[in-house]
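# kindly generate the corresponding structure for this input.
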Amino acid sequence: IQDDDTKPTLSVDDIQVVEPSSGTRNADFTVSLSQVWTSAVMVDYTVAALTATAGQDFNTGTGTVTINAGDPTGTISVPVLADDSFEPNETFSVTLENAVNADLLDATGIATIVDPAFEPVLAITDEEALSAAGPAAVVVSPDGMHVYVAGYADDSIYLFDRELDSGALTLVTRYDSAVTGFEGVLLDQATDLAVSSDGAYLFAVAAASQAVNVFARDTATGGLTMMDAMSGPNLAGAISVALSPDDRHVYVAAESAHSVSVYHWDATLGELSFVETESDGSGAVDGINGATSVAVSIDGRQVYVTGAGNDHAVAIFARDDAPGSTDYGKLTYKGLVRDDQAGVSGINSASSAALSPDGVYLYVSGETDSAVAQFEREPWTGELTWMAQKTSGEDGVAGMQGPLKVAVSNDGNYVYVLGLTDSSLVAFLRNRDQAPADYGSLRVIQNMIDGDNGVTGLYAPSDMAVSPDDHHLYITTFDSVLVLQRGAILIFGSSFE
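Numbers count the residues shown, from 1 in each chain. From the prediction side, this is the model:
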C-alpha cells in the first residue's frame, strides 16, 4: 500500500535554446520528481506563447508526459523553428496540470529562444596602442602565453605577455635591427608571422626586405633569439607565411613576385634552406598573380594560394608529404578555382583563405566582391567545389566591405571576416551538423563597424588571430592591437540546448 502523504512533487525547469539556422531544434524541458516513485507518474502539459509567436518561432500544443516507475525525470520536447529575421530573445511556456501520483510544485517552465544575431559573440575588452608600428600581423603562441605583432611601419616585432583568463596584453619588448643579436634581421615592412606547432620558433616575412626570418622562442618568457634569414627576388612583396604540419617546411606567398616559395627548416642546425619557387605563368602554374595568402591543409597534402592580381583565384598545389622523398615539401600545380568561372563567385580580388579545423572546407574572402565564399575540399586530391557565399548587404551582413582577412575558430564554430573598407568585423556561426546538406554553411551573428553602436578602435583592421582556447580574438588595426572576448562560450554552455 502506497502512502499518499509521501507522494513526490513535480517541477519543470526553465531552459534556453539557440534558434536553429534551418529546420527545427527541440527545446527539451526536464520534468523532475522530488523522489523516485514506485508507480508511473503522469502529467498533462500545455505549450503556450509568451513573447514568441506560435507557428513562427515554435510549435504549440498539448500532451502528456509519463515518468515510469523508478525513473527520476521525463522530457517534454517542443520544436523551435528557424526564421529569416534577427530578433531579440523570445519566450514561450510549458504548463503542467492534472498530475497523477504526484503533486505539482513548480508547474511552469519558461523557454528562452536566443537568436545569436542579438547575442554579441565578441566584445572589445582591451586596446594596446602601437601608433608608430603600423601593425600588420598578429599571432598567438600555442600555449596562449604570448602574442606577437609585426610592425610594418617600424620594421619590428613586438612581444606581449598574455593573461590567460582576461586575454589582456602587457608589452614586454620590441625587436628590430638595432637590438643586439638582431643586426642581421630582415624586417623592412614586416607583413606576416607564424609560430611552429611546438612553440619553439617564430617565422616572420617582410615585403620590402624580400625576406623570411626565423627566431628561436623561449617558451617560458616568449623572448626571441635570431636564428636565420633568407632573401631574394622570389620573395618580393612577401605577404603571407604558413608552415607544414610537421614544421619542416615554410611556405611564403609573395605579392610582387607573383609566387609561392618553399623553404626547408632544419631545427637541429638552426638553418633555413631554399627548396623551390612556383611562379605565376611558369609552366602550367596559374592563379597566383598578385599572391595574397598561403594556407597548408591540416593533413599536409595540399597548399592553397590566393591571387588577387589579374587572377581572382585560388591555386591548388599538391604537396609531397613523404619525409623520405627527394621531393619532400615540394609543390605540384593541380589547378585553380577562378571567380566568375564554372559557377564560382565571391572571390574577386581573393585576399585570404582559411581552412576549417576538420579540413573539409576552405573559406576565401573576395575584397572587390565584399564577400566570403565557402568551398568544399576533397581531402585526397585537394579539389575545391564552390558551395555558397555571404555578401555585404545581404542575409544580415552589415559590414565586410573590402574583406581583407578570414579566420576560423579552433573549435570550428565560428568564421570571422575583417572588412578593410568599412573597418568592420563580421562573425558567422558555422553549421557543425554533418548530416544536413548545408554542413559548413555560414550564418551571420554579429556585425561590428568602427564608429557604430559604441565600437571604437577597429579603424583599418589588418590581421587577426584566435587564442588557442578560442576565448579571445586579437586584431591589429591602423595603430593598435585589440583584444576581443568571445561571449558565445556562455551561449553554448551547459545550460543551452
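
# contact partners for residue 72?
Going by CB atoms under 8 Å, 6 or more residues apart in numbering, residue 72 touches 32-33, 36. The C-beta positions use only the backbone N, C-alpha and C, and glycine is treated the same way.

# likewise for residue 205?
Here residue 205 is in contact with 190-192, 211-213, 235, 238-241, 252 (criterion: CB under 8 Å, 6+ apart).

# which of the helices or strands spans residue 293?
Take DSSP states H and E as the rule and residue 293 turns out to sit in strand 291-296.

# buried residues of stretch 231-240, list them for me.
231, 234-240 (16 or more other CB atoms under 10 Å).

# return the subset of those lying in strands.
The members of the buried residues of stretch 231-240 that map onto strands under DSSP state E are 231, 238-240.

# show me which of the residues you listed is closest to residue 479.
Using CB to CB, residue 239 comes nearest to residue 479 of those, at 20.5 Å.

# one step back: present the buried residues of stretch 231-240 as TSV; the columns should include pLDDT.
Formatted as TSV, these follow (pLDDT from 0 to 100):
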residue	pLDDT
231	98
234	98
235	98
236	98
237	98
238	98
239	98
240	98
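
# could you dump those into CSV with distance to residue 127 added?
Formatted as CSV, the buried residues of stretch 231-240 follow (distance: CB to CB, whole Å):
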residue, distance to residue 127
231, 34
234, 37
235, 32
236, 34
237, 30
238, 28
239, 25
240, 25
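
# identify, from those residues, the entry nearest to residue 272.
Using CB to CB, those come closest to residue 272 at residue 231, 10.6 Å.

# surely the closest one touches residue 208?
No - between residue 231 and residue 208 there is no contact under CB atoms under 8 Å: 10.2 Å.

# for residue 345, pull up the helix or strand it's in.
Under DSSP H and E, no helix or strand contains residue 345.

# give me the distance between it and residue 307.
Residue 345 is 16 Å from residue 307, where distance means CB to CB, to the nearest Å.

# and the two? Which one has more around it.
A direct count of neighbours by other CB atoms under 10 Å for residue 345 and residue 307 places residue 307 higher, at 28 against 16.

# where do the helices of the stretch 351-497 of the chain begin and end?
488-491 (DSSP state H, counting those that start in this stretch).

# in PDB, could you pull the C-alpha coordinates for stretch 470-483?
Provided in PDB are the C-alpha atoms of stretch 470-483 (Å, rounded to 0.1, in the frame of the first residue of the first chain):
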ATOM      1  CA  ASP A 470      39.100  30.300 -28.500                       C
ATOM      2  CA  HIS A 471      38.200  32.800 -25.700                       C
ATOM      3  CA  HIS A 472      39.800  35.800 -27.300                       C
ATOM      4  CA  LEU A 473      40.400  37.300 -30.800                       C
ATOM      5  CA  TYR A 474      43.300  39.700 -31.400                       C
ATOM      6  CA  ILE A 475      43.000  42.200 -34.200                       C
ATOM      7  CA  THR A 476      45.700  44.500 -35.500                       C
ATOM      8  CA  THR A 477      44.400  47.900 -36.700                       C
ATOM      9  CA  PHE A 478      45.800  51.200 -38.000                       C
ATOM     10  CA  ASP A 479      47.500  52.000 -34.700                       C
ATOM     11  CA  SER A 480      46.800  49.300 -32.100                       C
ATOM     12  CA  VAL A 481      46.000  45.700 -31.300                       C
ATOM     13  CA  LEU A 482      42.500  45.000 -30.000                       C
ATOM     14  CA  VAL A 483      41.500  42.300 -27.500                       C
END
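
# average pLDDT for it, rounded please.
The average pLDDT within stretch 470-483 is 94.
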